[in-house]
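Colleague: Attaching a predicted model along with its sequence, questions to come.
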Amino acid sequence: MSTDAGHRAVREGVVLVRSTAARVMVRGERAYEQVEALCPRDLFVRTGQILHSLVLDPAGGVLADFYVAPRDDEFLLLADGIDDAQLLAALGSEAAQASSGLTESHALISLAGPYAWELLAALLGPEVATIGYMTTVPVPELGPDALCLRTGTTGEYGYDLLLAHAEAEACVERLRTIGERFDLIEVDHAVLDRCALENGFFSPRQRGLIGRTPIELQLQWRVRYDHPGLGPTLSAARDRHIEASGQRLSWVIGRLEDPPAELGVLVRDGQEIGELIDGFHSPILGCFVGLALLDPRIAYPWIDGIWTSSSGTPLELRVEAPPLIQNRSLFVDPKKHVYAHRHTDRFPPIVPGEDS
Amino acid sequence: MLVGEALATYVARREHLLAQVRAVLIEDLRVGLPAEQIDPDTPLFGTGLALDSIDAVDLIIGLERRTGVRMADDVPGRLGLRSVDMVVNYLLAAKGETP
């Protein structure tokens, strides 16, 4: 299965991914304090909810995408971009004594796509499939401690199933069997990372992002600068960045007729204005889409005339505000639509400006 | 291509509208972040500022009061509420001020 085919399936159907995110359960009397010390955001979250934040490195740079899901007195932590050992180390030695990594015991199976809800409903019932975004629900059908999390970084319906390895293969087989009528395909993280980029979501596998500060990555909503433990480091990192360059992560697109742009320095009006750090040719949009760190005087949507200056033919790029696509999941209504009728249902176009 | 004074005018216009959107979020919707921490590409609903459907109504009313633009209850209006900068894009388009 090609990456492009997987990409289309995320946008139009449903895919299955075996997640590699770290998964740790924090237990003990001081669990709240230990998670609070790691999470740079207010730990204002109840059982059944998910808090979206970041794991930071000691310098205040971004290390991983971070989800916190309390379960009564325990906290399930998911961190995409690091492994269990790294997450336990970040929690500190005291927390590590009462906490446990779950990767050896539990699988994390992700579903994504505008019809992911329908596949999940066929597996577990409509009540599970229609839980709210950033919420969790126990799924005892998949094991005594199995959990469904409604998350996702593709802009489409997204679910993570956390369940014991002993139950996981049977679950995947059932998904494959039921998934035949959804043309379900299994893809790797590269596909979801592309979709995350199109939608403006951070992924730790996007090139050139790890170690950068929340202000550079436009992720300041995930932190608080007055955090009792992490605040001073975060504030110092922010101030250093503003003083140094103030560059801001921006989304850029190429012209329809152009080949993919080469990463490297970007110029505009004869001046070096930033760097193209990641990108790919989107089979959905039909053009190059990329991430650039741009001079803050240029980092505004609809500013064009930005040129690559690599060894190949210079290509023009334009800044755009993500999401770059009109996700089908915004318009697929579980009360009205089903995958089988997708060709006769009318939806707004996925590509902005195209006729539906 | 925007350069010189035209570029400066465009950037200033965006910054003015960005400030108005941030003001609605902070003053009308009580978003608990300082303005400079609401980055332009911050998502508004679901993740990001995690607004809900009631907030959406307050946001639309607040934007109309401050900018004179009413975000329509149609597909462009719905898509225009996905992030702070998407709101600014919508406002600029509604005012006929796209570059």
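Modeller: The structure has been received and is ready for your questions.
Colleague: Every contact and neighbour count from this point should use C-alpha atoms.
Modeller: Fine.
Colleague: need the helices for the chain, in chain order.
Modeller: Defaulting to chain A. A:3-12, A:31-38, A:84-91, A:93-98, A:116-124, A:126-129, A:165-179, A:189-199, A:231-244 (DSSP state H).
Colleague: Please refer instead to chain B.
Modeller: All helices of chain B, identified by DSSP H, fall at B:4-23, B:53-67, B:75-79, B:84-94.
Colleague: can you tell which of those is closest to residue B:33?
Modeller: For the helices of chain B, proximity to residue B:33 was assessed by CA to CA; helix B:4-23 is nearest, at 9.6 Å.
Colleague: Any residue of the closest one touching chain A?
Modeller: Yes: Helix B:4-23 reaches chain A (CA under 8 Å from any CA of the partner chain) through residue B:11.
Colleague: Give me the angle between that helix and helix B:53-67.
Modeller: Relative orientation of helix B:4-23 versus helix B:53-67 (axes from the mean of the first three to the mean of the last three CA atoms, to 10 degrees): 130 degrees.
Colleague: now helix B:4-23 and helix B:84-94, what's the angle there?
Modeller: 120 degrees.
Colleague: Look up how far residue A:201 lies from residue A:325.
Modeller: 13 Å (CA to CA, to the nearest Å).
Colleague: can you check residue A:145 too?
Modeller: 29 Å.
Colleague: Spatially central residue for the chain, please.
Modeller: Let's take chain A. residue A:153 (3.3 Å; CA atoms, centre = their mean).
Colleague: Hmm, no, I was thinking of chain B.
Modeller: residue B:87 (3.3 Å).
Colleague: So which bits of chain A are right by chain B?
Modeller: Counting by CA under 8 Å from any CA, chain A comes close to chain B at A:52, A:133-134, A:200, A:215, A:218-222, A:269, A:297, A:300-305, A:321-323, A:326, A:348.
Colleague: Mark which of those residues are buried, thanks.
Modeller: A:52, A:133-134, A:200, A:215, A:218-222, A:300-305, A:321-323, A:326, A:348 (16 or more other CA atoms under 10 Å in any protein chain shown).
Colleague: and those residues, which of them are in strands?
Modeller: Judged by DSSP state E, strands contain the following of those: residue A:52.
Colleague: for stretch A:318-331, which positions count as buried?
Modeller: Buried-residue list, stretch A:318-331, by 16+ other CA under 10 Å: A:318-330.
Colleague: So what touches it?
Modeller: By CA atoms under 8 Å, 6 or more residues apart in numbering or on different chains, the residues outside stretch A:318-331 that reach it are A:11-12, A:113-115, A:155-157, A:198-200, A:250-254, A:285, A:299-306, A:347-352, B:41, B:79, B:82-83, B:85-86.
Colleague: any idea of the mean pLDDT in that stretch?
Modeller: Mean per-residue pLDDT for stretch A:318-331: 97.
Colleague: mind checking which helix or strand of the chain has the lowest mean pLDDT?
Modeller: In the absence of a named chain, this looks at chain A. helix A:93-98 (a mean of 85; mean pLDDT, DSSP states H and E).
Colleague: Chain B is the one I meant
Modeller: helix B:75-79 (a mean of 90).
Colleague: quick one: that one near chain A?
Modeller: Yes: interface with chain A: helix B:75-79 contributes B:75, B:79 (CA under 8 Å from any CA).
Colleague: Can you get me a residue count around residue A:108?
Modeller: Other residues near residue A:108 number 24, with proximity taken as other CA atoms under 10 Å in any protein chain shown.
Colleague: now residue A:345, nearest residue through space, not along the chain?
Modeller: Spatial nearest neighbour of residue A:345, chain neighbours left out: residue A:337 (7.4 Å); criterion: CA to CA, 6 or more residues apart in numbering or on different chains.
Colleague: okay but that neighbour is in contact with residue A:343, surely?
Modeller: No: with contact defined as CA atoms under 8 Å, residue A:337 does not reach residue A:343; the gap is 10.7 Å.
Colleague: measure the nearest residue to residue A:199 once chain neighbours are set aside to residue A:250 for me?
Modeller: The shortest distance from residue A:199 to any non-neighbouring residue, by CA to CA, 6+ apart, is to residue A:323 (4.0 Å). Per CA to CA, residue A:323 is found 12 Å from residue A:250.
Colleague: ok, now residue B:4?
Modeller: In terms of CA to CA, residue B:4 sits 21 Å off from residue A:250.
Colleague: do residue B:97 as well
Modeller: Counting by CA to CA, the gap from residue B:97 to residue A:250 is 21 Å.
Colleague: ditto for residue A:307
Modeller: For residue A:307, the distance to residue A:250 equals 14 Å [CA to CA].
Colleague: The two: which is more packed in?
Modeller: Using other CA under 10 Å as the criterion, residue A:307 and residue A:250 rank with residue A:250 on top: 28 against 23.
Colleague: Give me the spatial nearest neighbour of residue A:246, chain neighbours excluded.
Modeller: Among residues not flanking residue A:246 along the chain, residue A:296 sits closest, at 6.1 Å (CA to CA, 6+ apart).
Colleague: What degree of burial does the one you found show, as a neighbour count?
Modeller: A count of nearby residues for residue A:296, using other CA under 10 Å, gives 17.
Colleague: My guess is it contacts residue A:247. True?
Modeller: Yes: applying CA under 8 Å, one finds residue A:296 in contact with residue A:247, separated by 5.4 Å.
Colleague: what residues are up against residue A:35?
Modeller: Applying CA under 8 Å, 6+ apart, one finds that residue A:35 lies in contact with A:26, A:75, A:91.
Colleague: these two touch, right, the first one and residue A:78?
Modeller: No: between residue A:26 and residue A:78 there is no contact under CA under 8 Å: 11.0 Å.
Colleague: of residue A:337 and residue A:343, who's got more company?
Modeller: Neighbour comparison, residue A:337 and residue A:343: the larger count goes to residue A:337, with 16 against 8 (by other CA under 10 Å).
Colleague: I'd like the distance between the more buried one and residue A:15.
Modeller: Look at residue A:337 and residue A:15: by CA to CA, they are 18 Å apart.
Colleague: Check residue A:49 too.
Modeller: 24 Å.
Colleague: Look at those two and report which has more neighbours.
Modeller: Legend: neighbour count by other CA under 10 Å for residue A:49 and residue A:15, higher for residue A:15 (30 against 20).
Colleague: Tell me the bridge partners for the more buried one.
Modeller: Bridge pairing for residue A:15 (DSSP bridges) gives the partners residue A:112, residue A:185.
Colleague: Quick one: residues contacting it.
Modeller: A:6, A:9, A:111, A:112, A:113, A:116, A:184, A:185, A:186, A:187.
Colleague: Just the pLDDT at the second one, thanks.
Modeller: It refers to residue A:9. pLDDT, residue A:9: 98.
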